[in-house]
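Asks: just coords:
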């Protein structure tokens with residue numbers, strides 16, 4: 001059920017009227033033990049060129065953020081890469097922590113690295129994959145007027 005709501009939110013993000021300089025990325029990562037269940041296999045990122053914020057969505061965000069994408073902070077935006085950070089307050093096995101995420105997308109190669117670090121703990125989780133830009137207007141790409 002969470003997956004269906006996640007996909008619905010992603011679709012709403014992708015067909016929303018966004019400024020011409022905004023882009024939506026679909027990022028796929030293999031799910032491995034290194035991700036610890038905190039790095040999922042599919043992310044959507046919407047970013048307007050020059051903006052200090054971006055919208056990020058995946059199953060973990062949707063689960064812990066009332067089924068809503070989250071606003072991420074742009075910490076680096078150059079011709080070479082886009083780096084985003086965001087935090088998610090979560091409870092796991094009865095312990096509450098703030099998971100600190102950092103995603104770096106390398107524009108030329110399309111490679112993506114996402115790291116998650118639970119606040120107050122020394123361990124971290126990581127996933128690597130690729131992103132592709134979605135068509136600017138998904139409704140036109142789907143043949144809708």
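Replies: Nice, thanks for sending it over. Owing to the predicted nature of the structure, the values given are computational and were not obtained by experimental measurement. Numbers count the residues shown, from 1 in each chain.
Asks: Distance check, the one residue sitting closest to the centre of the chain against residue 106.
Replies: The residue lying closest to the centre of the chain (CA atoms, centre = their mean) is residue 56, at 3.7 Å. According to CB to CB, to the nearest Å, residue 56 stands 17 Å off from residue 106. Every residue, glycine included, has its C-beta placed from N, CA and C.
Asks: Kindly report the same for residue 135.
Replies: For residue 135 relative to residue 106 (CB to CB), the value is 21 Å.
Asks: okay, the two: which has more neighbours?
Replies: The residue with more neighbours, out of residue 135 and residue 106, is residue 106; 15 against 11, by other CB atoms under 10 Å.
Asks: I'd assumed residue 79 was in contact with that one.
Replies: No - with contact defined as CB atoms under 8 Å, residue 106 does not reach residue 79; the gap is 10.7 Å.
Asks: Quickly list what's touching both of the two.
Replies: Shared contacts of residue 106 and residue 79, defined by CB atoms under 8 Å, 6 or more residues apart in numbering, are absent.
Asks: What pairs with whatever helix or strand residue 24 lives in, parallel or antiparallel?
Replies: Secondary structure from DSSP states H and E places residue 24 in strand 22-28. Sheet pairing for strand 22-28, assigned by DSSP bridges, gives strand 42-48 (antiparallel), strand 125-133 (antiparallel).
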